[in-house]
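Participant: based on what follows, work out the 3D shape:
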Amino acid sequence: MPNRTMCDVLDEMRVCVKNLNFSYILSLVDEAQVYAARMESKLYTIKDFEFLEKEIKRLEKKKVSLKKDAGEEESRWDL
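Facilitator: The predicted structure is shown next:
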């Protein structure tokens, strides 16, 4: 199903309630749970990347500081 979203699933659940036809509600609940788990996983992944970016910047600053303390010049090839 291309571009099916959590909102689509919730809309189908509303139709089930409106028509009092609960024959496929459990599959919709399962589908909603899968979408919610994927969203939650993606949020944690984004949070991990943001943390790693901050950590890289912190370590780069520390590297520059240590090089200055050691009396080395920073090369344009240093990362």
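
Participant: helices along the protein, start to end?
Facilitator: Counting by DSSP state H, the chain has these helices, from start to end: 6-19, 25-70.

Participant: how far away from the center of its chain is the worst-scoring helix or strand of the chain on mean pLDDT?
Facilitator: Least confident element among the helices and strands of the chain, by mean pLDDT, DSSP states H and E: helix 25-70 (a mean of 93). Here helix 25-70 is found 7 Å from its chain centre; the criterion is CA atoms, centre = their mean, to the nearest Å.

Participant: could the helices of the chain go into CSV alongside mean neighbour count?
Facilitator: Bear in mind the C-beta positions are built from the backbone N, C-alpha and C, glycine included. Output for these, formatted as CSV (neighbours: other CB atoms under 10 Å):
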stretch, mean neighbour count
helix 6-19, 13
helix 25-70, 11
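
Participant: now residue 35: how far from residue 46?
Facilitator: To residue 46, residue 35 is 17 Å away according to CB to CB, to the nearest Å.

Participant: check residue 15 too.
Facilitator: With CB to CB as the criterion, residue 15 and residue 46 are 33 Å apart.

Participant: which residue is the nearest non-sequential neighbour of residue 9?
Facilitator: Counting by CB to CB, 6 or more residues apart in numbering, residue 9 lies nearest to residue 32, which is 4.7 Å off, once chain neighbours are set aside.

Participant: same question, residue 10
Facilitator: residue 32 (6.8 Å).

Participant: wait, that neighbour touches residue 7, no?
Facilitator: No: in this structure residue 32 lies outside contact range of residue 7 using CB atoms under 8 Å: 10.0 Å.

Participant: OK, contacts around the residue of the chain positioned farthest from its centre?
Facilitator: Each residue of the chain has a distance to the centre, and by CA atoms, centre = their mean the biggest one is for residue 71: 41.6 Å. Counting by CB atoms under 8 Å, 6 or more residues apart in numbering, residue 71 touches no other residue.

Participant: can you pull the phi/psi pair for it?
Facilitator: phi 80, psi 20 (degrees, to the nearest 10).

Participant: separation between it and residue 48?
Facilitator: Taking CB to CB, one finds residue 71 at 36 Å from residue 48.
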